[in-house]
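A.B. asks: Requesting a structural model of the entry that follows:
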Amino acid sequence: IDHLATTAYKTAGAATATMLGHADQITSMEFSRDGMHILTASNDGTARIWKNGDLIQLLRAHPAGGRTVAAWLGASDFIATAGSDGVVKIWDAASGQLAAQRLLHGEGVFDLVWSEISGEIVSTGVREKVVGWNVSDGTTRTIFESPNSKNTFLWSKLDPRSGEVIILIASTTSNNTRLFSSLKKRLRSLGAVDYIINSIAISTTRPEIAIGADSGEILIIESADGRVKQRFVAHVGAVSDLAWSADDSYLVSGGADAMLHVYSRDKQGMLSSSPSRVLSGHKAAIRSVALLGHDRVISASIDGSAKEWSISRGLDLNTYSHGGSLSVLAVAKDQIQIATGARNGTAMVWNSQSVFLKRVFEPVTNADYNEEPPLIADEELVRAADGGIAIWNLKNGTKRLLPGEPGVVSQIAVLAASGQDVSALAAE
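C.D. replies: As a prediction, this is how the structure comes out:
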């Protein structure tokens, strides 16, 4: 006998906080490690610290009209900002007082990365150089400097394996791309390239770097020797963002074609050149992607929405309607809070466990449970988004596990009964 799972009635996600004040595009956004505060930076030249949606610090850090970025310095009470004036500043987040500043760049700063292992703020110039500033002794060092800044493009990312900062330098004049480490200096040259780098992601367990090109291709690079292990077409248009799963079993890509693709590894450890999952639903280009645990992914789009997906089930679980073209996305360490930032300067916070979107019919067959389930009145057999099977009471919204089913069905609240708001059950 086939048993049809409960119809999942879900409503669009409501923001837990809306943060207004920035007058231009939000360029960076980051939760504090305890998840209590959010740091935002904008092209209006300011950085702002928020708590529960309230502004608690306004830092008029850099000139308006150029790119301004900000980052927490680990678990400390200090933050760093940088802007189009080429100045990097350290602030006391509690008091809002400027603690130190250095003029480190001549053409503005594109990005900031905090390296816990070296105790450095690594600032990446718009074109010309990468500098490390040691916050303990105040010393600075040039990690990389380009002889021809007009034709150089730089990216910096924290290596989750080593804790060091990996810098990718691409030169359009020499048609050469190089990898640098903030600790080991130069790593390898990737040689001549025929693509423009649009996004990068560093593997969490392997010496690999994924590169997303504006041609729609994904390249997997061996960081040890610069060898291109794989290269395949992933999207129609640019690959906007990339994210590895925590165990490196798959790579998620978001594209200008508004699609999310999931590429899984085979037994030899190679990524399949064909996606194992295609997730569609956005109406315009995806700008950013981030993972929530092993099975869920968040995508932010210029269509004004962020979406939460179940990878294993291929389900559109939740939609967060921001209303402005999204530019940045952040996920708190608790994997529950999500923040979105828009080009119009607005920011919002969402709770990923309290929102439900639309009906989902999921049949549970005898292949899943090979004997007649012990159902009583008002009960149906249902499958949760994490693949677990349970019995759901349609009348009172309670659930119980089937005999012999191990563990707890952690996401059974995704399947809500009779239109009820069962968000309280998600925390069980």
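
A.B. asks: Tell me which other helices or strands the helix or strand L329 falls within touches.
C.D. replies: Taking DSSP states H and E as the definition, L329 sits inside strand 326-331. The elements that strand 326-331 packs onto, with contact taken as 3 or more C-beta pairs under 8 Å, 6 or more residues apart in numbering; DSSP states H and E, are strand 26-31, strand 286-292, strand 296-301, strand 305-310, strand 337-342. Backbone N, C-alpha and C define where each C-beta goes, glycine included.

A.B. asks: Return the residues in contact with the residue sitting nearest the centre point of the chain.
C.D. replies: For the chain, the residue nearest the mean C-alpha position is A290 (2.7 Å; C-alpha atoms, centre = their mean). A290 sits next to A243, V297, I298, L329, A330, V331 when contact means C-beta atoms under 8 Å, 6 or more residues apart in numbering.

A.B. asks: Equivalent analysis for L98, please.
C.D. replies: So L98 contacts K89, I90, W91 (C-beta under 8 Å, 6+ apart).

A.B. asks: beta partners for it?
C.D. replies: With DSSP bridges applied, L98 shows beta-bridge pairing to W91.

A.B. asks: Quick one, grab the pLDDT at it.
C.D. replies: The model reports L98 with a pLDDT of 97.

A.B. asks: go on, the one 3 residues further on?
C.D. replies: Q101 carries a pLDDT value of 97.

A.B. asks: Give me the buried positions along the helix or strand hosting it.
C.D. replies: Here Q101 sits within strand 98-103, counting by DSSP H and E. Residues R102 are the ones in strand 98-103 that count as buried (16 or more other C-beta atoms under 10 Å).

A.B. asks: I'd like the numbering to begin with 648 instead of 1 from here.
C.D. replies: In the new numbering, first residue 648, that becomes strand 745-750.

A.B. asks: Show me what the helix or strand following that strand is packed against.
C.D. replies: As assigned by DSSP H and E, the chain's next helix or strand after strand 745-750 is strand 756-762. Secondary-structure packing of strand 756-762 (3+ C-beta pairs under 8 Å, 6+ apart): strand 716-719, strand 725-729, strand 767-772, strand 799-805.

A.B. asks: out of those, nearest to I847?
C.D. replies: Distance to I847, taken as C-beta to C-beta, is lowest for strand 799-805 among the helices and strands packed on strand 756-762, at 5.5 Å.

A.B. asks: How far does the very next helix or strand once past the closest one sit from its chain's centre?
C.D. replies: Per DSSP H and E, the first helix or strand lying C-terminal to strand 799-805 is strand 812-818. Strand 812-818 sits 20 Å away from the centroid of its parent chain (C-alpha atoms, centre = their mean, to the nearest Å).

A.B. asks: for strand 812-818, packing partners?
C.D. replies: The elements that strand 812-818 packs onto, with contact taken as 3+ C-beta pairs under 8 Å, 6+ apart, are strand 767-772, strand 787-792, strand 799-805, strand 823-828, strand 844-849, strand 855-860.

A.B. asks: Out of those strands, flag the one nearest S927.
C.D. replies: Closest among the helices and strands packed on strand 812-818, once you apply C-beta to C-beta, is strand 855-860, at 18.2 Å.

A.B. asks: and L751, how many neighbours?
C.D. replies: Neighbourhood size, L751 [other C-beta atoms under 10 Å]: 20.

A.B. asks: For it, give me the pLDDT.
C.D. replies: At L751, pLDDT is 95.

A.B. asks: and the gap between it and V899?
C.D. replies: Per C-beta to C-beta, to the nearest Å, L751 is found 34 Å from V899.

A.B. asks: same thing with L702?
C.D. replies: L702 sits at a distance of 33 Å from V899 (criterion: C-beta to C-beta).

A.B. asks: what does L964 give?
C.D. replies: 15 Å.

A.B. asks: so D894 touches H941, yeah?
C.D. replies: Yes - between D894 and H941 there is a contact at 7.2 Å, judged by C-beta atoms under 8 Å.

A.B. asks: Which element is encountered next along the chain beyond the helix or strand of the chain with the lowest mean pLDDT?
C.D. replies: Every helix and strand of the chain was ranked by mean pLDDT, DSSP states H and E. The lowest is strand 650-651, at a mean of 27. On the C-terminal side of strand 650-651, the nearest following helix or strand under DSSP H and E is strand 664-666.

A.B. asks: Check what contacts that following strand and list those residues.
C.D. replies: I685, T687, R695, W697, N699, G700, L702, T993, A994, M995, V996.

A.B. asks: follow-up on the earlier one: let me have the helices and strands packed on strand 973-978 in CSV, adding distance to I844 and mean pLDDT as columns.
C.D. replies: Below are those laid out as CSV (distance: least, C-beta to C-beta, whole Å; pLDDT from 0 to 100):
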stretch, distance to I844, mean pLDDT
strand 673-678, 19, 96
strand 933-939, 16, 94
strand 943-948, 20, 94
strand 952-957, 24, 91
strand 984-989, 23, 94
